[in-house]
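[1] predicted model and sequence follow; I will ask about them next.
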Amino acid sequence: MKLLKLAWRNVLRHKRRSLITAAAVSVGLTAMITSNTLMNGMDKMTSANIIDYETGHLEIFARGYYREEGMFPLDTIIEDPRPLENAVRKIPGVRGVTPRVKFPARVSNGIDEYPIIGIGINIRTDPEVFRTKTAVIIGEYLKSIDDILIGTELAKTMNLEPGSMMTLITRDRNGTFNAYDFIVSGLIMTEHPLLDANAVIMDIEMARELTALGKGATEISVRIGDELRIEEMRKEINMATGADYETYTYKELYASIFEVSGFKRMIQLMVALVVIVISAVGIVNTMLMAIMERIPEIGTLKAMGFRNNVITRIFLYEGGIIGLFGSLIGVLFGLVFSIYMIVVGIDFSSVFDSADLNYPVKFLIRGDLDPVMLLAVFLFGILVSVLVTLWPLRYATRLQPFDALRHI
């Protein structure tokens, strides 16, 4: 306890230097917390948008469809999804099952044409899996087979609004071109920019008629209750559907997106390491200066019989105290910035809005705070501060009393 008090007095002896060193530590830890909160938020929003508007947690395809999914093949489909739906619904943990028909098309307002993805949905079961119905902000949800939903960005591009007529042109599975005039019943605004700008949503029966799929569907989407069981659920679904079908998780379907997420994490780690090195250099410099200034004191202590381990503990306590305050300040500022990102968010639209980025997140990013991360960063800051103190301590412990006292 006496050594701790002595270390505390030594830290206060040079308040400005100690404060600057603690500030260097706090800046590094604040950067680690805020960047982690931002990355967590982006990953969470990405997953939520894909699950809520595109795939659900899992998707079932006819075997071979997924390898050509980007081309939306209509010759490899689920010919009759109803038996599969019924089988999957019986699996414990499944919350919703719905078929969808996706196909490439073009839309026209009589002046301009624009390429889009047509999505046929089952109006009754789609809300069990997706949030499309709650995303309608102007107009109404699908009520008639002639109704169609479009995103706010597509409406702006094509100069359309609820009640407007829009022609959709596509090619069916037999190679025949079909065109149909729809009425825009409502506009949707989601957190998914690709859906808002490049998709039109209609009744699945109309999609089947336009693509000549009969009773078929290109995929069956599944929502489950516990995402932690997603791999287990996939195995159960594969057993229930049989060898003619394949089941994929949303992370497999968007593997490239989540690979980008891993790359972002790597960059975050590199930045954090650079900041930590800078903070560590500050602590080493502070402790080295403290040792050089107190050589006579170290010599006196050794002459009085103090062992190297006691002197080491004094300086380690000093490094720990500086790390404690730096970590505390860093965590507090990191918490404040994280709360701001969670409540308000950070808008990157001015930077990326004009760029055509194939990413399922809008540029208003809201953070997601990990409480365990706060504790880990706090302890990490203290640990680093103590460990980097060991290097300059080698000089102090090697001093002989006679040589040290010559500095008096």
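    Yep, that arrived.
[2] mind listing the helices for the stretch 301-408 of the chain?
    308-343, 349-352, 371-388, 390-398, 401-405 (DSSP state H, counting those that start in this stretch).
[3] export those helices to CSV and append columns for mean neighbour count and mean pLDDT.
    From N, CA and C alone the C-beta is placed, and that goes for glycine too. As requested, the helices of the stretch 301-408 of the chain are arranged in CSV below (neighbours: other CB atoms under 10 Å; pLDDT from 0 to 100):
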stretch, mean neighbour count, mean pLDDT
helix 308-343, 20, 84
helix 349-352, 10, 56
helix 371-388, 18, 85
helix 390-398, 15, 64
helix 401-405, 15, 51
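[4] mind putting these in TSV, distance to E259 included?
    As requested, the helices of the stretch 301-408 of the chain are exported to TSV (distance: least, CB to CB, whole Å):
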stretch	distance to E259
helix 308-343	24
helix 349-352	19
helix 371-388	22
helix 390-398	38
helix 401-405	57
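[5] tell me which of the ones you listed lies nearest to P104.
    helix 349-352 (26.1 Å; CB to CB).
[6] longest strand of the chain, counting residues only.
    strand 94-108 (DSSP state E).
[7] who does it touch, helix- and strand-wise?
    helix 82-89, strand 113-121, helix 126-129, strand 165-171, helix 204-211, strand 219-224 (3 or more CB pairs under 8 Å, 6 or more residues apart in numbering; DSSP states H and E).
[8] tell me the angle of that strand relative to strand 165-171?
    In terms of direction (axes from the mean of the first three to the mean of the last three CA atoms, to 10 degrees), strand 94-108 departs from strand 165-171 by 100 degrees.
[9] got the angle for strand 94-108 vs strand 219-224?
    140 degrees.
[10] can you give me the buried ones in strand 94-108?
    V94, G96, V97, T98, P99, R100, V101, K102, F103, A105, V107, S108 (16 or more other CB atoms under 10 Å).
[11] one more: stretch 46-53?
    Quick answer for stretch 46-53 (16+ other CB under 10 Å): T46, S47, N49, I50, I51, D52, Y53.
[12] report the distance from stretch 49-67 to the chain centre.
    Centroid separation for stretch 49-67 versus its chain: 20 Å, with CA atoms, centre = their mean, to the nearest Å.
[13] in it, what counts as buried?
    So, applying 16+ other CB under 10 Å, buried residues of stretch 49-67: 49-62, 65-66.
[14] restricted to strands, list these.
    Those of the buried residues of stretch 49-67 lying in strands (DSSP E): L58, E59, I60, F61, A62.
[15] quick revisit: including distance to I116 and pLDDT, could the buried residues of strand 94-108 go into a markdown table?
    As requested, these are exported to a markdown table (distance: CB to CB, whole Å; pLDDT from 0 to 100):
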| residue | distance to I116 | pLDDT |
| --- | --- | --- |
| V94 | 31 | 95 |
| G96 | 25 | 96 |
| V97 | 26 | 97 |
| T98 | 21 | 97 |
| P99 | 20 | 96 |
| R100 | 15 | 96 |
| V101 | 14 | 95 |
| K102 | 11 | 94 |
| F103 | 10 | 94 |
| A105 | 6 | 94 |
| V107 | 5 | 94 |
| S108 | 11 | 92 |
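[16] from the residues you listed, which is closest to R234?
    Of the buried residues of strand 94-108, the one sitting nearest to R234 (CB to CB) turns out to be V94, at 11.5 Å.
[17] quick one: residues contacting the closest one.
    Going by CB atoms under 8 Å, 6 or more residues apart in numbering, V94 touches V88, V222, R223, I224, G225, M233.
[18] beta partners of the closest residue to the second one other than its chain neighbours?
    I take that to be V222. Leaving aside its sequence neighbours, V222 sits nearest to L58 (CB to CB, 6 or more residues apart in numbering; 4.4 Å). Beta-bridge partners of L58, counted by DSSP bridges, are V222, T249.
[19] relative to L84, how far out is L58?
    Relative to L84, L58 is positioned 12 Å away (CB to CB, to the nearest Å).
[20] likewise for S164?
    Taking CB to CB, one finds S164 at 37 Å from L84.
[21] who has more neighbours out of the two?
    L84 (21 against 16; other CB atoms under 10 Å).
[22] residues in contact with that one?
    I60, I78, I220, A240, T241, Y245.
[23] those residues: which two are farthest apart?
    Of all the pairs that the contacts of L84 form, the one spanning the most space (CB to CB) is I78 and A240, at 13.8 Å.
[24] beta partners for the nearest residue to R89 once chain neighbours are set aside?
    Among residues not flanking R89 along the chain, V97 sits closest, at 5.4 Å (CB to CB, 6+ apart). V97 forms beta bridges with V222, as assigned by DSSP bridges.
[25] what pLDDT does the closest residue to M289 other than its chain neighbours get?
    Nearest non-adjacent residue to M289, counting by CB to CB, 6+ apart: R17, 7.2 Å away. pLDDT, R17: 74.
[26] I'd say R17 and G282 touch.
    No. In this structure, R17 is not within contact of G282 by CB atoms under 8 Å, at 9.8 Å.
[27] when these two are compared, which one has more neighbours?
    G282 (23 against 16).
[28] any idea how far that one is from P92?
    G282 sits 56 Å away from P92, going by CB to CB.
[29] now T37
    In terms of CB to CB, T37 sits 35 Å off from P92.
[30] kindly report the same for R313.
    Taking CB to CB, one finds R313 at 58 Å from P92.
[31] what does G41 give?
    On the measure of CB to CB, G41 and P92 end up 32 Å apart.
[32] could you do I267 as well?
    41 Å.
[33] got it, and E161?
    E161 is 45 Å from P92, by CB to CB.
[34] these two: which has the busier surroundings?
    Shown here are E161 and P92; by other CB under 10 Å, E161 has more neighbours (14 against 9).
[35] filter the contacts of V94 down to the buried ones.
    If you count burial by 16+ other CB under 10 Å, the buried members of the contacts of V94 come out as V88, V222, R223, I224, M233.
[36] and these, which is closest to D370?
    Of those, the one sitting nearest to D370 (CB to CB) turns out to be I224, at 23.3 Å.
[37] quick check, the closest one in contact with L58.
    Yes. With contact defined as CB under 8 Å, I224 reaches L58; the gap is 7.1 Å.
[38] kind regards, and thank you for your time.
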